[in-house]
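Asks: need the 3D shape of this:
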Amino acid sequence: MIFEGLPTTPRSEELVDKAFSRAARAGRAKRGHEAQESMLRTAGNVLSDNLENVVVSWPDFGFDVDPFYYELADAIVDVDRLQQALSQVMWASRQIESLRDEYTTKIRNSDVDAARKHRKQAFARMADVMDQIEEDLRYIGDSRDDLRDLPDIRPDEPAIVVAGYPNVGKSSFVNRVTRASNEIAEYPFTTRGVHVGHFERDHVRYQIVDTPGLLDRPEDERNDIERQAVSALEHLADVVLFVLDPSGDCGYPLDVQLELREEVRALFDESIPLLTVANKHDRFDAVRAEAVDATMSVTDDENVERVLEMAVEAAAFEPDLPTRDPEE
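Replies: Numbering: from 1, shown residues only. Predicted structure coming up:
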């Protein structure tokens, strides 16, 4: 996952202490001008390098982040604010480099007492720059903590998104078709966990995503974060599988379930197929006139594989195959 490997973000005070401690050790090994210059360059390098590393460890949201993960990230943190913080930290890195070079010249062109004063002045100005980005570093660190545990969903692999009211059999279906390969985890945009399962067909790995708390109730019952997380799913889905319980035993009348189906259909682009599947198909007569694409019984393991095959066919995923050089 694109945010999983982000390193811990140091705090401003922590970096300053680290830089000045190393500078003091470097200065003890030398005398006169050399000691002052060594302290200055050590502190400047530690600060500027660490700040630059903070920034370059993040992917470029404009080029490297898939729209799915961009929307998901923006649902949890303010991506604009995060990018601003990263920009400020890079500015600080460059500013400290400039101070290091400016005061190196001053130290070389002055006597030892003046050199010591220049080095102290440089340290004070570097510390001031670090104070200016204290909140930026904190925001970057908090964002890293929030984003590193996002679901491991791969936008380059075909995805089947499962929707429908609670208790209609969605999770049972996901567990059934993925066997023991599904993962269940808590994520900041839903309190009920996201189920991500995998299965293979013709050497292609498919993802099947059940999102309790997102596509299991009407839009007006979702909060802003949940709405944005739903918009992220629009970038992910190759096909939507909407599960109905025609018996109504799930606690939601059939007409209410069908209203949610139409709302979910409107969320996704017209190019994304939506298949309606009635679970507990012994009650199929209740929905025969409602454009149901298939029926199944997860409990009795009836027609489950056929429903999965229909989803795979609807996704119509064509993997990129390596091409042979015609000159070979």
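Asks: make it CA atoms for all contacts and neighbour counts henceforth
Replies: Will do.
Asks: excluding its backbone neighbours, what's nearest Glu37?
Replies: Ranked by C-alpha to C-alpha, 6 or more residues apart in numbering and with sequence neighbours excluded, the top spatial neighbour of Glu37 is Thr104, at 6.1 Å.
Asks: do I have it right that the one you found meets Thr42?
Replies: No. Look at Thr104 against Thr42 with C-alpha atoms under 8 Å: they stay out of range, at 11.3 Å.
Asks: contacting residues for the residue nearest to Ser12 when sequence neighbours are not counted?
Replies: In space, and not counting its chain neighbours, Ser12 is closest to Glu134: 5.3 Å by C-alpha to C-alpha, 6+ apart. Each residue near Glu134 by C-alpha atoms under 8 Å, 6 or more residues apart in numbering is listed here: 11-13.
Asks: quick check: the gap between Glu134 and Ile140.
Replies: 10 Å (C-alpha to C-alpha, to the nearest Å).
Asks: what does Phe242 give?
Replies: Going from Phe242 to Ile140 by C-alpha to C-alpha gives 38 Å.
Asks: picking up where we left off before, burial count for the residue nearest to Glu37?
Replies: Neighbours of Thr104 under the rule other C-alpha atoms under 10 Å: 21.
Asks: over to the one 4 residues further on?
Replies: As a burial measure, the neighbour count of Arg108 was computed by other C-alpha under 10 Å and equals 15.
Asks: any chance you could map the helices in this protein?
Replies: For the chain, the helices defined by DSSP state H cover 12-28, 32-56, 67-76, 79-108, 112-132, 134-147, 170-178, 224-236, 254-267, 304-315.
Asks: nearest to Ser297, of those helices?
Replies: Closest of those to Ser297 is helix 304-315, at 6.9 Å (criterion: C-alpha to C-alpha).
Asks: the closest one packs against which elements?
Replies: Packing contacts for helix 304-315, counted by 3 or more C-alpha pairs under 8 Å, 6 or more residues apart in numbering; DSSP states H and E, involve strand 159-163, helix 170-178, strand 239-244, strand 294-296.
Asks: in that helix, what counts as buried?
Replies: Neighbour counts using 16 or more other C-alpha atoms under 10 Å place 304, 307-308, 310-312, 314-315 of helix 304-315 among the buried residues.
Asks: pLDDT of that helix, averaged?
Replies: Averaged across helix 304-315, pLDDT comes to 92.
Asks: now do the contacts for Ala314.
Replies: Taking C-alpha under 8 Å, 6+ apart, one finds 239, 273 in contact with Ala314.
Asks: so, low pLDDT: which residues of the stretch 201-328 of the chain?
Replies: By pLDDT under 70, the low-scoring segments of the stretch 201-328 of the chain are 212-218, 221-229, 231-232, 281-290, 320-328.
Asks: can we see that at 90?
Replies: For the stretch 201-328 of the chain, the stretches flagged by pLDDT under 90 are 201-205, 207-237, 244-264, 266-270, 279-303, 315-328.
Asks: the helices of the chain: lowest mean pLDDT?
Replies: Lowest mean pLDDT of these: helix 224-236, a mean of 69.
Asks: quick check: Ile160 touching Glu234?
Replies: No. Counting by C-alpha under 8 Å, Ile160 sits too far from Glu234 to count as a contact (11.3 Å).
Asks: neighbour count winner among these two?
Replies: Each of Ile160 and Glu234 has its neighbours counted (other C-alpha under 10 Å); Ile160 has more, 25 against 19.
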